[in-house]
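# have a look at this fold, sequence not included:
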């Protein structure tokens, strides 16, 4: 059974859709892999951040995107937050927002 992709908020999907075309195309390819492989998807496509938080790692010639996600019951994947990466390291504010949304999902 394949995994189902959902978005924490419609703004998350809108953010992804605003990315450069080549990064969106790679995101779409990685989402297909995530649907097929679920939690078995690993580096270089996905990276675990601990506590149930994961990062999808799309890239293209025009930039690098990141989409934080988690798994919930029923083979569902929730994309919590997405952004275009502008530095080598993931900015703390981006990670904090993803963790905050994960906590909201876990605790209602």
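That came through, no problem. Remember, it's a predicted structure, so these values are computed and weren't measured experimentally.
# so what's residue 81 closest to, chain neighbours aside?
Distance criterion C-beta to C-beta, 6 or more residues apart in numbering; nearest residue to residue 81, sequence neighbours excluded, is residue 98 at 4.3 Å. The way it works is simple: take the backbone N, C-alpha and C, and place the C-beta from them, glycine included.
# check contacts around the one you found.
Counting by C-beta atoms under 8 Å, 6 or more residues apart in numbering, residue 98 touches 49, 53, 68, 80, 81.
# narrow those residues to those that are buried.
Among the contacts of residue 98, the ones that count as buried by 16 or more other C-beta atoms under 10 Å are 53, 68, 80, 81.
# in strands, which of those residues fall?
Using DSSP state E, the members of those that fall in strands are 53, 68, 80, 81.
# and the residues you listed as CSV, adding distance to residue 5 and pLDDT?
Formatted as CSV, these follow (distance: C-beta to C-beta, whole Å; pLDDT from 0 to 100):
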residue, distance to residue 5, pLDDT
53, 16, 97
68, 13, 98
80, 12, 98
81, 14, 98
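# which one of the contacts of residue 98 is nearest to residue 39?
Closest approach to residue 39 among the contacts of residue 98 (C-beta to C-beta): residue 53, at 12.2 Å.
# surely that closest one touches residue 70?
Yes - in this structure, residue 53 is within contact of residue 70 by C-beta atoms under 8 Å, at 5.9 Å.
# helix, strand, or coil at the residue nearest to residue 81?
At residue 98 the chain is in helix, as set by DSSP: H, G, I helix; E, B strand; the rest coil.
# look up how far residue 90 lies from it.
Computed with C-beta to C-beta, to the nearest Å, the distance linking residue 98 and residue 90 is 9 Å.
# swap in residue 68?
For residue 68 relative to residue 90 (C-beta to C-beta), the value is 9 Å.
# what's the overlap in contacts for these two?
Common neighbours of residue 68 and residue 90 (C-beta under 8 Å, 6+ apart) are residue 55.
# wait, what's in contact with the residue nearest to the spatial centre of the chain?
The chain has residue 67 as the residue nearest its centroid, 2.6 Å off, counting by C-alpha atoms, centre = their mean. Going by C-beta under 8 Å, 6+ apart, residue 67 touches 12, 16, 27, 55, 56, 58, 79, 81, 82.
# nice, that's everything, thank you.
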